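Trainee: Sequence plus predicted model, see below.
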Amino acid sequence: MTPTATRRRYLMCRPTHFAVTYRINPWMDPSAPYDNALAVSQWENLRQTFLDLGHTVDLIDPLPGLPDMVFAANGATVVDGKVLAVQFRDAERADEGPAYAAWFAANGFEVHESKYTNEGEGDILLAGDVLLAGTGFRTSHAAHAQTQEVFGRPVITLQLVDPAYYHLDTALCVLDKDNVAYLPSAFSAGSQAVLRQLFPNAVIATDEDAAVLGLNAVSDGRTVVLPVQATALNAALRERGYETVGVDVSELRKAGGGPKCCTLEVRG
Ligand code: ARG
């Protein structure tokens with residue numbers, strides 16, 4: 001079977017104010033140097049990659065004082081034209097929630113307010129007809145129940161256990177409507193069993209792939225845009241018939257993010 005692509009609409013936020021000034025995940029070291037100009041050029045390259053693949057990219061204005069706002073995946077969950085807003089665990093990111101909600105309201109979407117800690121599509125991933133939802137570090141279990149109510153789709157809770165893989169999209173990538181790639185050790189034993197049952201043919205990532213945030217990848221069903229450093233995952237995906245495009249977002253990785261974190265799919 002040849003994987004087929006569908007055109008996507010993405011929302012992104014230029015890392016104009018990107019910085020690593022606080023530490024809310026193990027990747028972040030506020031004492032280490034970072035290069036804002038390099039972050040911007042790596043991000044521009046990611047955006048151009050999506051445009052070259054035929055996708056649409058909308059932009060939200062970056063706000064000063066919100067260095068993580070580049071990670072648009074955390075801005076909302078968007079399925080069937082409905083938007084569930086977010087509520088961040090950490091005060092440092094709290095103001096991003098209303099900014100993303102305002103963008104969706106201004107663009108004609110029905111926006112539901114979040115009642116619980118919910119970091120959007122960092123932790124909630126549409127896989128075929130169901131939503132996979134991570135918990136353990138950020139998004140609360142209560143938010144999974146609200147997600148199910150808002151979208152009327154089954155929500156499958158997955159327990160994250162490794163602080164390095166604190167959002168579901170750092171440990172699992174949806175490749176197409178039937179399959180995913182993931183790092184088993186990032187999940188509890190019970191959640192690993194659920195993943196084996198749901199996705200018996202999943203691509204299993206190596207520790208090395210995950211350690212360069214290789215699973216933080218964006219697939220349109222055919223082409224997977226992933227960190228160029230994730231060489232084994234790249235080969236495994238090609239073996240399965242996917243196209244791949246490697247991108248270097250090493251500067252953004254200093255905040256614990258990769259290509260998928262920078263990308264929020266807007267599903268009309
Ligand atoms: N520094 C950000 C945080 O810890 C990174 C967010 C990455 N986003 C993602 N979708 N995994 O919240």
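Mentor: Thanks, I have the structure now. Residues are numbered from 1 along each chain as shown.
Trainee: roughly how far apart are the residue lying closest to Gly120 once chain neighbours are set aside and Met69?
Mentor: In this structure, Gly120 finds its nearest non-sequential neighbour in Val86, 4.4 Å apart by Cβ to Cβ, 6 or more residues apart in numbering. All C-beta atoms are positioned from the backbone trio N, CA, C, and that covers glycine. Separation of Val86 from Met69 (Cβ to Cβ, to the nearest Å): 12 Å.
Trainee: and what of Val40?
Mentor: Per Cβ to Cβ, Val40 is found 13 Å from Met69.
Trainee: for Val57, same thing?
Mentor: Distance of Val57 to Met69, given as Cβ to Cβ: 16 Å.
Trainee: Which of these two has more residues huddled nearby?
Mentor: Comparing Val57 with Met69 by other Cβ atoms under 10 Å, the one with more neighbours is Met69, at 25 against 17.
Trainee: OK, contacts around the residue of the stretch 51-200 of the chain with the smallest separation from the ligand?
Mentor: For the stretch 51-200 of the chain and the ligand, the shortest gap (Cβ to the nearest ligand atom) falls at Gly122, measuring 3.1 Å. By Cβ atoms under 8 Å, 6 or more residues apart in numbering, Gly122 lies in contact with Phe71, Ala73, Asn74, Gly134, Arg138, Thr139, His167, Leu168, Asp169, Cys261.
Trainee: And the strands in the stretch 51-200 of the chain, which stretches?
Mentor: 56-59, 77-79, 82-84, 110-112, 124-127, 130-135, 155-159, 172-174, 180-182 (DSSP state E, counting those that start in this stretch).
Trainee: What residues of the first one count as buried?
Mentor: Spelled out, it's strand 56-59. Val57 (16 or more other Cβ atoms under 10 Å).
Trainee: Can I get stretch 130-144 in CSV? Just the C-alpha atoms.
Mentor: Only the C-alpha atoms of stretch 130-144 are listed here, as CSV (Å, rounded to 0.1, in the frame of the first residue of the first chain):
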residue,chain,number,x,y,z
VAL,A,130,-10.0,8.4,17.9
LEU,A,131,-8.0,10.8,20.0
LEU,A,132,-5.0,9.5,21.9
ALA,A,133,-4.4,11.6,25.0
GLY,A,134,-1.3,11.7,27.2
THR,A,135,-1.2,12.4,30.9
GLY,A,136,1.3,12.1,33.7
PHE,A,137,3.2,15.4,33.4
ARG,A,138,1.0,18.1,31.9
THR,A,139,-2.5,17.5,30.6
SER,A,140,-4.8,16.1,33.4
HIS,A,141,-6.9,13.1,33.2
ALA,A,142,-10.0,15.3,33.8
ALA,A,143,-9.1,17.1,30.6
HIS,A,144,-9.3,13.9,28.6
